[in-house]
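Peer 1: sequence first, predicted coordinates after that:
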Amino acid sequence: MHVMTDRGLTYHLHAIQKQEVCWPFMGLSVKRLESGVALVTLSEDASRNAFSRTSIGAISETFTNLLEDESCKAIVLTGTGKFFCTGADIDEFANAIDDGTIGNLVSDLTSVLHPLELKLRRDPTVFVAAMNG
């Protein structure tokens, strides 16, 4: 996966070592620390770090790539602002209800979240949620 940082540089995620990668359009950043720790920060203050199809996909891909990186020994997930995460994006759910596509939305989210949860549980990488709020 190629990502563009806020500095306008493009990196291949597998090659990131001790650098910061940002997805400013969805409020997600990854900072690699010296000790083999990856700090993943949710920073979409406007939505209170709510999960949407887009953000869940980015989070899943980020975690998957970090879990595949042997130099990553621990992942810390945190949030900025008053909330760690408020859960699902209510506006996205309301729109899906209005459009009659709520079943598709739930299916899309669970098809990404459930495999990610299994990966996190089975992988030896330490996973920590540093919750604020």
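Peer 2: It's in.

Peer 1: residues in contact with stretch 107-121?
Peer 2: Under the criterion CB atoms under 8 Å, 6 or more residues apart in numbering, residues 51, 53, 56-57, 59-60, 63-64, 67, 88, 127 lie in contact with stretch 107-121. To be clear about C-beta, it is placed using only N, CA and C from the backbone, and glycine gets the same treatment.

Peer 1: could you measure the spatially most central residue of the chain against Leu109, distance?
Peer 2: Nearest to the mean C-alpha position of the chain, by CA atoms, centre = their mean, lies Ile59 at 2.3 Å. Separation of Ile59 from Leu109 (CB to CB, to the nearest Å): 11 Å.

Peer 1: mind listing the shared neighbours of those two?
Peer 2: Common neighbours of Ile59 and Leu109, using CB under 8 Å, 6+ apart, are Phe51.

Peer 1: tell me the secondary structure at His114.
Peer 2: Secondary structure state of His114, per DSSP: H, G, I helix; E, B strand; the rest coil, is helix.

Peer 1: run a quick neighbour tally on it.
Peer 2: Residues within reach of His114, counting by other CB atoms under 10 Å, total 10.

Peer 1: and it, what pLDDT?
Peer 2: For His114, the pLDDT comes out at 95.

Peer 1: relative to Arg121, how far out is it?
Peer 2: Distance from His114 to Arg121, by CB to CB: 11 Å.

Peer 1: helix or strand with the lowest mean pLDDT in this protein?
Peer 2: strand 10-12 (a mean of 37; mean pLDDT, DSSP states H and E).

Peer 1: where's Gly81 relative to Thr125, distance?
Peer 2: For Gly81, the distance to Thr125 - CB to CB - is 26 Å.

Peer 1: buried ones in the helix or strand containing the residue nearest to the centre of the chain?
Peer 2: Taking DSSP states H and E as the criterion, Ile59 maps to helix 53-68. By 16 or more other CB atoms under 10 Å, the buried positions in helix 53-68 come out as 53, 55-56, 58-60, 62-67.

Peer 1: no further queries at this time; thank you.
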